[in-house]
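Undergrad: I need the structure of the sequence given here:
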Amino acid sequence: MSPTFRSLSHPNYRRYAAGSLVSNTGTWMQRVAQDWLVLVLTGSGAAIGITTGLQFLPFLLLSPWAGLVADRIPKRRLLQITNVAMAVPALVLGVLAVTGTVQIWHVYVLALVLGVASAFDAPARQSFVSEIVGPDDLANAVGLNSASFNTARLVGPALAGLLIAGFGGGVGGTGWVILLNGLSYVAPVLTLRALDASLLRTPEPSVRRPGQLREGVAYVRGRPDLLLLLGIVFSAGTFGLNFQMTSALMATEVFGKGPAEYGLLGTFLAVGSLTGSLVAARRVRVRHRLVVGAALAFGAIEVVAGLAPSYVVFALLCPLLGLSALTMITSANAHLQLSTAPEMRGRVMALYMMIFIGGTPLGAPFIGWVGEAYGARWTLVVGGLLTMLGTLVASALFLRGRRVLTGLRAPGSLVPRVWDNQAVARARK
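TA: As a prediction, the model looks like this:
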């Protein structure tokens, strides 16, 4: 089997990946449909930003507790529960839209409910991969998960745009697409139930004791390499990765396009994202410089995209945006999982999700306001510039921390191992 797809040699991973692909496709369809629904109801970019912010606010507020839950409850069981919980708000919103009774406050409330379920799903899903494939294939599985997610991004937005247009382009059209997403959660529930439990590397559940949240924070604070990656993904996730909003504004306000053309932008973006994911799946080692370089490239390309003179030029830049963004995200994710002590992995990944996705409630309303006040182009220009600035600041702080700890290097060992030992000791004090 090709090294790019070696994780598929695990029967459990094949089942898990199949269910995830179906669900991810539905998720991307709803993202397009939900944003289009908000535009139809309000015509406001700021309203899209508020909806996005509410959907990701629970990641900011609940991720540390979600990480503890993921360490205390078998992840396979927890993921079945969270998938059902994510299906409910999608089905309710779809029914409201199809019946023509939906109002903007319904969208806000259901986006928040979906966000709560997603916040508990994310750390369990991230750390469950290591139970399916083990450490030797973990980096490959992370890359293939991103490939699955971006294959869905390739298909989902375009399919959603075509379906919305086919159902009339209005509120009712978005409702049918959202209903399809609600039904798509059946696939991961069934495939999780079908996994062979004897092949899973299920760890012993974490024992409840005081101070576990503080342990996770102290561990990360003692790891300058992890702080570098978290700083980069915070900057990109908060200010740069607002494609569902910025693409909608560029398509409608700047280029005067409809839902089909808007959906195609997501497809073009996914072409680059899928490429980045498959390239990442082949890597055995991930270096800090790759994450830093990809983040700087992403910010620069985003600024150029904001200045694109036509829809065609903007669409052609989308694959480059996707390639640089997914190189940064996948590399950061793999490094965090591979370099973190196993007993801390759930809490570290929960902090990662909190910082990466939880920054969206801060950045999305701000970027939406920028679009309202200065025009759609500035949502990309400002987002790209702030991503580059945050990356440079995080890199400067990392270099400073590395100089401080240089004298602590143990003979014959690597600096990250020394950081890891110190961080574990500090977390347990």
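
Undergrad: tally of neighbours for A197?
TA: Using other Cβ atoms under 10 Å, A197 has 9 other residues around it. For glycine as for every other residue, the C-beta is placed from the backbone atoms N, C-alpha and C.

Undergrad: per-residue pLDDT of it, please?
TA: Looking at A197, its pLDDT is 86.

Undergrad: could you find the closest non-adjacent residue to it?
TA: Closest residue to A197 apart from its sequence neighbours, by Cβ to Cβ, 6 or more residues apart in numbering: R76 at 7.6 Å.

Undergrad: for that neighbour, which residues are in contact?
TA: F128, L192, L195, A197, L200, T202 (Cβ atoms under 8 Å, 6 or more residues apart in numbering).

Undergrad: equivalent analysis for T387, please.
TA: Neighbour list for T387: S235, A236, F239, G240, A295, F298, G299, E302 [criterion: Cβ under 8 Å, 6+ apart].

Undergrad: so which residues of the stretch 1-150 of the chain form helices?
TA: For the stretch 1-150 of the chain, the helices defined by DSSP state H, counting those that start in this stretch occupy 11-42, 45-72, 75-98, 104-133, 138-166.

Undergrad: can you redo those helices as a markdown table with mean pLDDT and distance to L389?
TA: Converted to a markdown table, these look like this (pLDDT from 0 to 100; distance: least, Cβ to Cβ, whole Å):
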| stretch | mean pLDDT | distance to L389 |
| --- | --- | --- |
| helix 11-42 | 90 | 27 |
| helix 45-72 | 81 | 21 |
| helix 75-98 | 94 | 34 |
| helix 104-133 | 89 | 27 |
| helix 138-166 | 81 | 26 |
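
Undergrad: would you mind giving these as JSON lines with distance to L278 added?
TA: Output for the helices of the stretch 1-150 of the chain, formatted as JSON lines (distance: least, Cβ to Cβ, whole Å):
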{"stretch": "helix 11-42", "distance to L278": "14"}
{"stretch": "helix 45-72", "distance to L278": "27"}
{"stretch": "helix 75-98", "distance to L278": "25"}
{"stretch": "helix 104-133", "distance to L278": "17"}
{"stretch": "helix 138-166", "distance to L278": "5"}
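
Undergrad: closest to V217 out of those helices?
TA: helix 45-72 (8.1 Å; Cβ to Cβ).

Undergrad: show me what the closest one is packed up against.
TA: Under the contact definition 3 or more Cβ pairs under 8 Å, 6 or more residues apart in numbering; DSSP states H and E, helix 45-72 sits against helix 11-42, helix 104-133, helix 212-221, helix 243-249, helix 345-356, helix 360-374.

Undergrad: what's the closest of those helices to S324?
TA: S324 lies closest to helix 243-249 among those, at 12.5 Å (Cβ to Cβ).

Undergrad: now the element after that closest one, going C-ward?
TA: helix 259-282 (DSSP states H and E).

Undergrad: give me the distance between that following helix and the centre of its chain.
TA: 14 Å (Cα atoms, centre = their mean, to the nearest Å).

Undergrad: give me the buried positions along it.
TA: 259-281 (16 or more other Cβ atoms under 10 Å).

Undergrad: now do it: which elements does it pack against?
TA: Helices and strands touching helix 259-282, by 3+ Cβ pairs under 8 Å, 6+ apart, are helix 11-42, helix 138-166, helix 243-249, helix 311-339.

Undergrad: in the second one, which residues are buried?
TA: Buried residues in helix 138-166, counted by 16+ other Cβ under 10 Å: 138-161, 163-165.

Undergrad: my guess is A376 meets M250, correct?
TA: Yes: the pair A376 / M250 is scored as a contact, 5.1 Å apart, by Cβ atoms under 8 Å.

Undergrad: more neighbours: which of the two?
TA: M250 (26 against 22).

Undergrad: check contacts around that one.
TA: Per Cβ under 8 Å, 6+ apart, neighbours of M250: L265, F314, A376, R377, T379, L380.

Undergrad: any chance of these in a markdown table, with pLDDT too?
TA: Converted to a markdown table, the contacts of M250 look like this (pLDDT from 0 to 100):
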| residue | pLDDT |
| --- | --- |
| L265 | 84 |
| F314 | 91 |
| A376 | 86 |
| R377 | 90 |
| T379 | 89 |
| L380 | 91 |
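
Undergrad: among those, which two are most distant?
TA: L265 and R377 (14.6 Å).

Undergrad: need phi/psi at F167.
TA: Backbone torsions for F167, taken as degrees, to the nearest 10, come to phi -90, psi 10.

Undergrad: okay, it and L380: tell me how far apart.
TA: Remark: distance between F167 and L380 (Cβ to Cβ, to the nearest Å) = 30 Å.

Undergrad: so where's the stretch 151-300 of the chain uncertain?
TA: By pLDDT under 70, the weakly predicted segments of the stretch 151-300 of the chain are 203-212, 244, 281, 283-286.

Undergrad: count of residues packed around the residue nearest to M344 when sequence neighbours are not counted?
TA: Of all residues not flanking M344 in the chain, Y219 sits nearest, at 5.0 Å (Cβ to Cβ, 6+ apart). For Y219, the neighbour count with other Cβ under 10 Å is 26.

Undergrad: now swap in the one 3 residues further on and tell me
TA: Each residue near G222 was counted by other Cβ under 10 Å, and the total is 20.

Undergrad: quick one, phi/psi of it?
TA: phi -90, psi 10.

Undergrad: tell me how far it lies from L228.
TA: If you go by Cβ to Cβ, the gap between G222 and L228 works out to 13 Å.

Undergrad: cool, G173 as well?
TA: From G173 to L228 the distance is 44 Å (Cβ to Cβ).
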